[in-house]
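Peer 1: just coords:
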Ligand SMILES: C[S@@+](CC[C@H](N)C(=O)[O-])C[C@H]1O[C@@H](n2cnc3c(N)ncnc32)[C@H](O)[C@@H]1O
């Protein structure tokens with residue numbers, strides 16, 4: 001049962017999700033796998049890998065938000081290069097109405113999935129189906145995962161942000177950035193970079 005697996009994996013990594021959140025992740029998992037057969041949205045196929053490396057990994061941002069004392073309540077949050085929704089959609093499932101979420105994604109089949117997912121999960125966010133360079137709007141927190149080399153993407157992220165930028169970077173800290181070190185049973189030794197404007 002995916003729902004049980006989702007609950008167990010989150011629990012052993014310190015997240016006690018509500019039944020509603022678990023049901024939404026369960027639906028997300030099913031839809032991602034269904035669309036993936038045709039649209040190739042993620043290379044991960046196994047439930048456990050998707051839960052750990054997409055869902056749980058995305059929610060490690062919440063640990064960093066808490067650690068750094070960033071108040072996201074009522075704030076505009078933007079995920080740049082969201083792909084199949086990571087990390088933005090898990091953040092929305094977690095924070096629900098507390099955040100005002102925008103996803104920016106330039107590939108139209110991924111945008112279609114994100115629009116469809118919003119309806120199926122009954123959550124609210126905006127999808128801007130365009131290149132982030134074209135967006136002339138500011139967000140309180142800008143997040144991204146696997147968008148590209150930091151030297152290329154940082155100027156773009158800075159243009160979109162009015163307060164914080166959080167980059168899920170992977171394996172090492174980068175000079176000049178604050179960071180959160182994430183070390184959970186199922187997410188080992190990841191860094192989230194924090195840039196404050
Ligand atoms: C490697 S994928 C990562 C997707 C997701 N963030 C994740 O971690 O699973 C990068 C995504 O960013 C999108 N992308 C890259 N550059 C972009 C840009 N300048 N504006 C909007 N989307 C962009 C790509 O289309 C792709 O879906």
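Peer 2: Cool, got the structure. Owing to the predicted nature of the structure, the values given are computational and were not obtained by experimental measurement. Numbers count the residues shown, from 1 in each chain.

Peer 1: Okay, buried residues for the lengthiest helix in the chain please.
Peer 2: The longest helix of the chain (DSSP state H) is helix 19-39. Neighbour counts using 16 or more other Cβ atoms under 10 Å place 21-22, 24-29, 31-33, 35-36 of helix 19-39 among the buried residues. For every residue, glycine as well, the C-beta is placed using N, CA and C.

Peer 1: just checking, next helix/strand downstream of it?
Peer 2: helix 47-50 (DSSP states H and E).

Peer 1: tell me what that next one is packed against?
Peer 2: With contacts defined as 3 or more Cβ pairs under 8 Å, 6 or more residues apart in numbering; DSSP states H and E, the packing partners of helix 47-50 are helix 2-12, helix 19-39.

Peer 1: coming back round to it: now the longest helix of the chain: how far from the chain's centre is it?
Peer 2: 15 Å (Cα atoms, centre = their mean, to the nearest Å).

Peer 1: Name the nearest residue to the residue nearest to the spatial centre of the chain, ignoring sequence neighbours.
Peer 2: In the chain, the residue lying closest to the centroid (Cα atoms, centre = their mean) is residue 87, at 0.8 Å. Nearest non-adjacent residue to residue 87, counting by Cβ to Cβ, 6 or more residues apart in numbering: residue 58, 3.4 Å away.
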